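Student: using only what follows, build the 3D model:
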Amino acid sequence: MQLLSNEHFYSRRSPVVAHGGMVASSQPLANAAGVHVLEAGGTAADAAVAVAAALQVTQPCSTGLGGDAFWLYHDAESGVMHAANGSGRSPRELTLEAARTAARGRTEHPLRLPPYHAHCVTVPGAPAAWQDLLDRFGRLPRADVVAPAIALAEEGFPVGPLTAAWWTQHAAQQLATQPYGHELMIVEEQPHQGRNATAAARGPRAGERMRLPTLAWSLQQFADLGAYPFYRGEIAARIVAAVRAAGGLLSADDLAAHQTAFVEPLAIQYGGAMVWECPPNGHGLAALIALGILREYETGPGRVAAAAAGERAPAGFAPSASQYHRMIEAMRFGFRAAAEYVADPDACPAPVSALLSPGELAARAACITEEARIAELPAPSPHNVGTDTVYFCTADRFGNLCSFINSNYMGFGTGIVPEGCGFSLQNRGHGFVLEENHPNTIASRKRPYHTIIPGMITSAEGSVTAFGVMGGMMQPQGHLQTAVALLNDGLDPQAALDRPRFQLAEGDPNGQVLLEESVPDATAELLRTKGHSVRLVGGSERAVFGLGATIRRDPDGTLWGASDPRGDGAAAGAL
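Tutor: As a prediction, the model looks like this:
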């Protein structure tokens, strides 16, 4: 591992190094909650739930109890990688015809539900995913784990600069029209007669102290009773009432039927290590396909051409045009497969073994040349997705690591807030399509195409790395680029996250290639000569490239942490 962020000042910060435990997230106060739990003797699982709860408070415009969650957990004692799919299903009463009726004349995309419609509410999987992680790998009492988050909600906290901008934007889009949206906003004055509290509310400003008392009550319910109130108790009743009042079909039976799915993680060898992802209905499969294609290209017939074109990045940091080109081409194939096969495995299982077979990957690699972009790939319409998610990772002194991701999907999701609960309900149902005979056709009790994916890397010498990049269709692209930076180019975790990224816009295999403005002009021009439609992206629009976090544990127990410079976050070590 080259410490390039220190030697060449490529990074604005150094990787954080510690031995007693670590948290890396998009919010320093959430880090503090996780470190507090680690220093109290908690495991990486305890710390992960503490961070998830604190992020529900400090970044409710991206995540929360009304959303879904996935996690990977590397258990040090057994050496086993565990995976959990905490995504919820559509209501039993929801049919394709009902969805088409709701969408008629109300959406720009004829094959999608309106993004904030109540039919987009799927069962929130996050509370159960939190509880199941604690039950399997936690050590501390649940009340101790979520106590820091409850204190933040009750006593208030200063809102981070980027979070304040996103919070205000999404509050205006999603909360402002909801009866209880004000529970996640600041009410500056008593509403006039005939005007509800939400109409008199706004999002917080940067540094402004935000208190969320109704959310504190919901978190206390979790502290006292675990996930039960969210699926069978008082909060469940309020969720159903809110969705039904908004025109949705979610029922008490839908919530009561929910269970986290404990699944076998997928893995592929790349760069002398194993890269791990959760299986569908998440699209981590797209990242593994892309990595496998790169592996076959770089070790097969393309090896000589790749070496001649410049296998490593200039000075070891910003990728060369050839390296970007190969990653883009591999990712195009990854998204092509995801669009065709990623769906609820109970309804439409993907041929994972075939897609990840060396022969299939080598056949795709053989299509790549150094000279030019592959012609248009046949592909279904790309997904219209949100980028509002939180990813974080935790490590403890016992050698365990957790890679965790939690999301409302688009900002506050639907913006529907159950009365007195202080959290909003996700709009994951927007990931369904209103087209018959499609893998993601909307149907009763079905899980939609999911964008949120945690990642892990294990190496033969014993190091373990938790990593992820949040942000809709950027996620598998971020995983690909981070894994290449760490495993192929030997960058340290911080330099790997600082590296300028590309994005196939909206995950479209035939779409525009977005490049961060820090990519040299000569590199962008070389990509254009290869046939790529390139647009440089700067300023606040760089949010499209996602926010990442990474923790690596060396065999001697040393922890290396990093967080994305594009956000408000940090990595923090425990004593």
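Student: can you pull the contacts of residue 17?
Tutor: If a contact means C-beta atoms under 8 Å, 6 or more residues apart in numbering, then residue 17 has 558, 559, 560, 561, 573 as its contacts. C-beta here means a position set from N, CA and C on the backbone, and glycine is covered the same way.
Student: before we move on, what about residue 230?
Tutor: Per C-beta under 8 Å, 6+ apart, neighbours of residue 230: 65, 124, 127, 128, 221, 222, 236, 239, 255.
Student: ok, residue 98 next?
Tutor: 119, 249.
Student: return the backbone torsion pair for it.
Tutor: As for residue 98, its main-chain torsions (degrees, to the nearest 10) stand at phi -60, psi -40.
Student: so it versus residue 247, what's the distance?
Tutor: 10 Å (C-beta to C-beta, to the nearest Å).
Student: residue 100 now?
Tutor: Taking C-beta to C-beta, one finds residue 100 at 15 Å from residue 247.
Student: which of these two has more neighbours?
Tutor: Neighbour comparison, residue 100 and residue 247: the larger count goes to residue 100, with 15 against 10 (by other C-beta atoms under 10 Å).
Student: give the contact list for residue 537.
Tutor: Shown in contact with residue 537 (C-beta under 8 Å, 6+ apart): 514, 515, 516, 517, 544, 545.
Student: ok, the residue lying closest to the third one once chain neighbours are set aside - contacts?
Tutor: Same thing as residue 516. In space, and not counting its chain neighbours, residue 516 is closest to residue 500: 4.0 Å by C-beta to C-beta, 6 or more residues apart in numbering. Listed by C-beta under 8 Å, 6+ apart, the contact partners of residue 500 are 318, 319, 515, 516, 518, 519.
Student: residue 224: which element?
Tutor: Assessed by DSSP states H and E, residue 224 sits inside helix 213-225.
Student: off-centre distance for whatever helix or strand comes next after that helix?
Tutor: Sequence-wise, the next helix or strand downstream of helix 213-225 (DSSP H and E) is helix 228-231. Distance of helix 228-231 from the chain centroid (C-alpha atoms, centre = their mean, to the nearest Å) equals 24 Å.
Student: all further residue positions should be reported with the first residue as 461.
Tutor: Noted, 461 is the first residue going forward, which turns the last one into helix 688-691.
Student: tell me the mean pLDDT for the following helix or strand past helix 688-691?
Tutor: Using DSSP H and E, the helix or strand that follows helix 688-691 towards the C-terminus is helix 694-705. Mean pLDDT, helix 694-705: 98.
Student: can you pull out the strands in the stretch 811-960 of the chain?
Tutor: Secondary structure of the stretch 811-960 of the chain (DSSP state E, counting those that start in this stretch): strands located at 848-856, 861-869, 915-919, 924-930.
Student: so what strands line up beside the second one?
Tutor: For strand 861-869, sheet partners with direction are given as strand 528-534 (antiparallel), strand 848-856 (antiparallel), following DSSP bridges.
Student: mean neighbour count, these: which tops it?
Tutor: For those, the largest average neighbour count (mean count of other C-beta atoms under 10 Å) is found in strand 848-856, namely a mean of 32.
Student: local confidence estimate at residue 966?
Tutor: 88.
Student: quick one, phi/psi of residue 617?
Tutor: Dihedral angles for residue 617 - degrees, to the nearest 10 - are phi -150, psi 150.
Student: beta partners of it?
Tutor: Residue 617 has these beta-bridge partners by DSSP bridges: residue 670.
Student: verify the contact between it and residue 517 for me.
Tutor: Yes: between residue 617 and residue 517 there is a contact under C-beta atoms under 8 Å: 7.0 Å.
Student: hey, what's in contact with both of residue 558 and residue 707?
Tutor: Shared contacts of residue 558 and residue 707, counting by C-beta under 8 Å, 6+ apart, come down to residue 579.
Student: where in the stretch 811-960 of the chain is pLDDT low?
Tutor: Within the stretch 811-960 of the chain, the segments meeting pLDDT under 70 span 839-848.
Student: and residue 894, what does it touch?
Tutor: Counted by C-beta under 8 Å, 6+ apart, residue 894 has contacts 556, 559, 560, 563, 570, 571, 572, 573, 901, 902.
Student: count of neighbours near the first one?
Tutor: I take that to be residue 556. When neighbours are counted by other C-beta under 10 Å, residue 556 registers 16.
Student: how about residue 620: what's its closest non-neighbour residue?
Tutor: That would be residue 1028: by C-beta to C-beta, 6+ apart, it lies 3.8 Å from residue 620.
Student: typo on my end, it should be residue 553
Tutor: residue 709 (4.1 Å).
Student: and the one you found, which of the three is it?
Tutor: Three-state call for residue 709 (DSSP: H, G, I helix; E, B strand; the rest coil): coil.
Student: measure residue 722 to residue 541 for me?
Tutor: Residue 722 sits 12 Å away from residue 541, going by C-beta to C-beta.
Student: quick one: which of these two has more around it?
Tutor: Higher neighbour count among residue 722 and residue 541: residue 541, with 19 against 11, using other C-beta under 10 Å.
Student: dihedrals phi and psi, that one?
Tutor: According to degrees, to the nearest 10, residue 541 has phi -90, psi 120.
Student: residue 1016 now?
Tutor: Taking degrees, to the nearest 10 as the convention, residue 1016 sits at phi -80, psi 0.
Student: and residue 822, how many residues sit next to it?
Tutor: The tally of other residues near residue 822 (other C-beta under 10 Å) stands at 18.
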